[in-house]
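K.L.:
Need coordinates for the below:
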Amino acid sequence: QETGIKYTMTARVGMSDSSTLPALSAADLEMMRQWYDEPRLPGYEAHAVAGLRFVTARRGYVEFRMVVGREHLNYHNTLHGGCIATLVDVVGSAAILSMGPVRHVSTDINTSYLAATHPGEEVTIIGTCPRAGGRLAFSEVSVYKQGKDKDVLVASGRHTKYIFRDSQGPRSRL
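P.N.:
Have a look, this model is predicted:
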C-alpha cells in the first residue's frame, strides 16, 4: 500500500541512490520479512512498535512503515520518544542484518527528536548500515512523516552493535 510520501533517498540517507545498492537474495529478503513480521517480534518490541510493517530491504538499507496508534502515544498525545527509540533499535538492527546474519548486542544508541507525530499519521522508517566490519557495526535511522509540501524528518538516530566472534546469525529474535 503506497502513501503520499515521495522517496528521494539521496537526501534522506546520504547515498547517491539506494537502487545502486546490491539486492538481497530472495531467500535473504524472505528471511528479513519473517524476522520482522510484526507478530513475530518478541516481548517488548511486539508492544512498543505494534503495527510496524516491513516494506523492503537491500544490502545496507531497510524500510518500514507504521501508523501511529493510541498504544504509541505519550501524555501529550504525540508519538512517544520511547517508541521512537525502539524504532531506532529495531530498524537499525534490521539494517545491520541486511549486511548478513550476525549475532549482535547494542553498545550504544542515540536519538534526536525533531517533530511531533500525531495519532493516525503514517511514519516511514529508513535504516542504513554505513559500516559493518570487525567487531562493530553501525546503523543510522531516520523517521519521516508526510508534510503539506514535503516529507518531515520526525527523528533520527544512530545505533552501534558489537558483533560476536562466533556469529552464525541471530539465535534470538533481537
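K.L.:
CA atoms for contacts and neighbours, from now on please.
P.N.:
OK.
K.L.:
Make sure residue 115 is actually in contact with residue 151.
P.N.:
No - taking contacts as Cα atoms under 8 Å, residue 115 lies outside contact range of residue 151: 11.4 Å.
K.L.:
Looking at these two, which is more packed in?
P.N.:
Looking at residue 115 and residue 151 with other Cα atoms under 10 Å, you find the greater number of neighbours at residue 151, namely 19 against 14.
K.L.:
my guess is that one contacts residue 145, does it?
P.N.:
Yes - using Cα under 8 Å, residue 151 is in contact with residue 145, at 5.8 Å.
K.L.:
List the contacts of the most centrally placed residue in the chain.
P.N.:
Nearest to the geometric centre of the chain sits residue 91, at 2.2 Å (Cα atoms, centre = their mean). By Cα atoms under 8 Å, 6 or more residues apart in numbering, the residues touching residue 91 are 62, 63, 64, 125, 126, 127, 141.
K.L.:
ok, the residues you listed vs residue 85, which is closest?
P.N.:
residue 141 (9.9 Å; Cα to Cα).
K.L.:
ok now the helix of greatest length in the chain, how far from the chain's centre?
P.N.:
In the chain, with assignment by DSSP state H, the single longest helix is helix 81-97. Relative to the chain's own centre, helix 81-97 is displaced by 5 Å; criterion: Cα atoms, centre = their mean, to the nearest Å.
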